[in-house]
Structure formats: C-alpha cells, structure tokens
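Chemist: no sequence on this one, just coordinates:
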C-alpha cells in the first residue's frame, strides 16, 4: 500500500459533462501530480501541484485543471469531456525535492466517457 | 531527461531470477534510474531507484554499470505475482518533483 488514496475508483460520464477526481497524498508528502493513462499506453504527466499552485504542466489542454488544498490533497477537474478522455487517472505524491526522492502512486480512477 | 530503451517483453520461469535490462546511454551524472511496475489495472508500484551504486531492497536489486549507460533490475525469485509491465525511468533535477516519463516498458510474464 503506497498510502496514496484516490476517489472515485470508477465512474461513467457523458460527452460534454465535467468530472472531478480526488486524491489524498501519502502522509508527510506535500507535492501531488496527476497522470493520464490510456488503455495500452504508459502514464502521461498532466500537471503537478505544490503549495496550492500548479508548478509544472504537461501537454494537456486547459480543459484539464486542478487544485491543491491546504492539507495537500488535490482535485483534478476535466471540463467538456470527450470520448478520448476515457482513461485511468493516476495521482502521485512525494516530498518536493528535485532529485532522488521517492514518488508513490495511487490505484487510480477509471473514467469512461460515453 | 535521458530516454530509456527496454525490451518489449520477457518470460521468466517461476522461482528463477528475472533480469530486466534497460539502456540509458544519454544519462547525465545527476540523473537517477527509477524502476516501477504496473500490474494490470492497478497504479504503478515503486520498486527501487539508484544513482551510481548498486541498490537492494526487499523487492529487488538494481545493478548500474560503471559508465551508467545501462542498468538491470533483478527479481531474485520470480513468482506469478511478479507478472507485470516494468518501467525503467531516468529522472534528474531538470524535471519537476513528480514528473516521470514512462516509456512502453517491458512486459514480464512469469511462467509456472
């Protein structure tokens, strides 16, 4: 158990709708990142949050947004859902340290867009 | 960050050592080598990481060549539960704290 908690585990949404996914990092960690993993592919970095601010962003459109709360938990929001947004969404947590730190992943949230 | 090259798939007999290679010929001196694995439909599981020296923990050993251009992950006694996709990732200070670049990985199948 990596200690990273995500919810919900599975959900189904309709095209055009909005979705919010939640993540609680491992105890003691202050940095949260989100990844998208399409079927058959490796995880792709969406963005990273530290001190309640987005610090780094991958190649994802503005429909993907996030938030980090004072207790370090985080939300991923996706607006105007497309069929191609169907994927496993992963949360990763660590202590902010640029090199050599250990990053732990949650079990993910499976999103199906119909 | 340096990119990595891994074989697409490997088989290993149950109870034998599984040796998973990874090439990272463009690695920089301050970049670490990380290994994760992902069992079907689950989140990536951290295995081990290292910079220069060989590392060992309760899950595996990581052998890094002296020139650091390649490494090998060793699972000493593979079990059926080790069947998974194994990712070798190189990460350095130019990367954000949690930004890992996952390639295609090696699909390890442990055979009874």
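Modeler: Received, thanks. On a predicted model such as this, the values are computed, not experimentally measured, just so you know.
Chemist: please count neighbours and contacts with C-alpha atoms only from this point.
Modeler: Fine.
Chemist: in chain A, what residue lies closest to chain B?
Modeler: Closest approach between chain A and chain B, counting by CA to the nearest CA: residue A:107, at 4.2 Å.
Chemist: show me the contact partners of the helix or strand hosting residue A:65.
Modeler: For residue A:65, the enclosing helix or strand under DSSP states H and E is strand A:64-68. Strand A:64-68 is touched from outside by A:49, A:50, A:51, A:52, A:53, A:54, A:74, A:75, A:76, A:77, A:78, A:79, with contacts defined as CA atoms under 8 Å, 6 or more residues apart in numbering or on different chains.
Chemist: go again using 10 Å as the cut-off
Modeler: A:19-24, A:30-34, A:46-54, A:57, A:73-81 (CA atoms under 10 Å, 6 or more residues apart in numbering or on different chains).
Chemist: measure the residue of chain A closest to chain B to residue A:94 for me?
Modeler: Look at residue A:107 and residue A:94: by CA to CA, to the nearest Å, they are 15 Å apart.
Chemist: again with residue B:44
Modeler: 14 Å.
Chemist: what's the answer for residue B:74, then?
Modeler: For residue B:74 relative to residue A:94 (CA to CA), the value is 25 Å.
Chemist: likewise for residue B:13?
Modeler: The gap separating residue B:13 from residue A:94 is 35 Å, by CA to CA.
Chemist: now swap in residue A:82 and tell me
Modeler: On the measure of CA to CA, residue A:82 and residue A:94 end up 30 Å apart.
Chemist: of those two, who's got more company?
Modeler: residue A:94 (22 against 17; other CA atoms under 10 Å in any protein chain shown).
Chemist: need the contact list for residue A:95.
Modeler: By CA under 10 Å, 6+ apart, the neighbours of residue A:95 are A:25-26, A:28-32, A:50, A:101-103, B:97-98.
Chemist: selecting buried members of the residues you listed in ChimeraX, what would you type?
Modeler: Provided next is the ChimeraX selection string for whichever of the contacts of residue A:95 are buried by 16 or more other CA atoms under 10 Å in any protein chain shown:
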select /A:25,26,29,30,31,32,50,102,103 /B:97,98
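Chemist: center of chain A, which residue is that?
Modeler: Closest residue to the average C-alpha location of chain A: residue A:34 at 2.8 Å, with CA atoms, centre = their mean.
Chemist: surely that residue touches residue A:89?
Modeler: Yes - between residue A:34 and residue A:89 there is a contact at 7.0 Å, judged by CA atoms under 10 Å.
Chemist: common neighbours of these two, please.
Modeler: A:43, A:44, A:46, A:76, A:108.
Chemist: between these, which has the most around it?
Modeler: residue A:108 (30 neighbours).
Chemist: from residue B:75, how far out is the nearest residue to residue A:85 once chain neighbours are set aside?
Modeler: Closest residue to residue A:85 apart from its sequence neighbours, by CA to CA, 6 or more residues apart in numbering or on different chains: residue A:113 at 6.8 Å. Using CA to CA, we find residue A:113 at a distance of 38 Å from residue B:75.
Chemist: thanks again, I'm all set now.
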